[in-house]
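Novice: take this sequence and fold it.
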Amino acid sequence: MRFKDWATRVILISLVFVALSATLLIGEARKLTTETTSQPDAIAWNQYPPAQLQSNNIPAKPSQNPLKSNPKPQQTKPKYETTAAFAQYKPRYLVAAVDPSNYGARYSRDINGLAVNHQAIIVIHETSNSASSAVNFFQTPHDDEDMQASYHTIIALDGTVIYLVPPEYRAFGAGNSVFLGADGEETVQTSANFPPSVNNFAYHVSLETPPDGRGNNFLTAHSGYTDAQYHSLAWLIAQSQVPGDRITTHKAVDRSGQRADPLSFDFDKFMSLLDNYRQVSPVYQASKNIRNS
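Specialist: Below you'll find the model as predicted:
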């Protein structure tokens, strides 16, 4: 074979490989784009995302919330600010995106068309088994609405903060539930198929249950939670503007008679840590004093 013919064949073969490689790369790029855009709700979080819990500034998902969206909220001075102790505590964190079937939009109106404008609450839970088991369940698609469930965040035994559902969305953390606030009972019915619940204005955070508390729904107590869990829970909630009297438990809001979590939870210990990680803003206090003078 002459050198010229051999060189020509080598060039042609090289071009074929280049074209094939380009085709494969384009295919992978299209696949990546499809996978990325097919889950628009897997929001990229900042390292330590603040828990902005006010439900009246949430854009609804059009496919899930055909109701009118809320007006832009008025800007107010934040009541709380984080402390130096908060800045020094750096918990490990993970992001585990939940399947879109297991959470939804926050509604601006209930099923009767009445406007809802509840202030946010925080509901503290515990998992029924390990944190990884809960995450696996939430990442599994559930067409059956009775099976759909999620939290916004889980705090693992070692204090790791596992972000699941962005706070601007409604996690399915409490079914038949009512919050007893200063002005009476608060709840919202968003579906004719289910009883009213607090989900529309709640941020759900769950503690991973200890090994001796797993797999038995009839337990009334267990060994409790780790110091790391209490610190991470307080650190997380310190980023919110939710006052202490609107932080509650699943047991307190449940009306199904089936939930009593979190078991063995030391609320006084948690509140002491929360006060260590956040404080009333001097600017807010000054403006309040001026209004009251």
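Novice: and residue 95, bridged to which residues?
Specialist: When bridges are assigned using DSSP bridges, the partners listed for residue 95 are residue 163.
Novice: gap between it and residue 164?
Specialist: Relative to residue 164, residue 95 is positioned 8 Å away (CB to CB, to the nearest Å). C-beta coordinates here come from the backbone N, C-alpha and C atoms, glycine included.
Novice: who has more neighbours, the two?
Specialist: When residue 95 is set against residue 164 and neighbours are counted by other CB atoms under 10 Å, the residue ahead is residue 164, at 24 against 14.
Novice: please name the nearest non-neighbouring residue to that one.
Specialist: Spatial nearest neighbour of residue 164, excluding adjacent residues (CB to CB, 6 or more residues apart in numbering): residue 98 at 5.0 Å.
Novice: residue 160 too?
Specialist: For residue 160, the nearest residue in space outside its immediate sequence neighbours is residue 92; the separation is 4.5 Å by CB to CB, 6+ apart.
Novice: what sits against that neighbour?
Specialist: Residue 92 makes contact with 158, 159, 160, 161, according to CB atoms under 8 Å, 6 or more residues apart in numbering.
Novice: go again with 10 Å.
Specialist: Applying CB atoms under 10 Å, 6 or more residues apart in numbering to residue 92 gives the contacts 156, 158, 159, 160, 161, 162, 228, 232.
Novice: now the residues you listed in CSV, with pLDDT?
Specialist: What follows is the contacts of residue 92, written out as CSV (pLDDT from 0 to 100):
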residue, pLDDT
156, 98
158, 98
159, 98
160, 96
161, 95
162, 95
228, 98
232, 97
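Novice: can you mark which positions in stretch 217-227 are buried?
Specialist: By neighbour count, and taking 16 or more other CB atoms under 10 Å as the criterion, the buried residues in stretch 217-227 are 222, 224, 225, 226.
Novice: backbone dihedrals for the first one, please?
Specialist: By that I understand residue 222. As for residue 222, its main-chain torsions (degrees, to the nearest 10) stand at phi -150, psi -170.
Novice: looking at it, it is touching residue 208, isn't it?
Specialist: No: in this structure, residue 222 is not within contact of residue 208 by CB atoms under 10 Å, at 11.8 Å.
Novice: which neighbours do those two have in common?
Specialist: 126, 214.
Novice: shaky segments in the stretch 151-293 of the chain?
Specialist: Across the stretch 151-293 of the chain, the stretches falling below the confidence threshold (pLDDT under 70) are 293.
Novice: enumerate every residue touching the most centrally placed residue in the chain.
Specialist: The chain has residue 152 as the residue nearest its centroid, 1.9 Å off, counting by CA atoms, centre = their mean. Residue 152 makes contact with 51, 53, 98, 103, 122-123, 162-171, 173, 202-206, 236 under the criterion CB under 10 Å, 6+ apart.
Novice: give me the pLDDT for residue 97.
Specialist: In the predicted model, residue 97 carries a pLDDT score of 89.
Novice: helix, strand, or coil at it?
Specialist: Of the three states, residue 97 takes coil under DSSP: H, G, I helix; E, B strand; the rest coil.
Novice: shouldn't residue 124 be in contact with residue 259?
Specialist: No: with the criterion set as CB under 10 Å, residue 124 and residue 259 do not qualify as a contacting pair; they are 11.8 Å apart.
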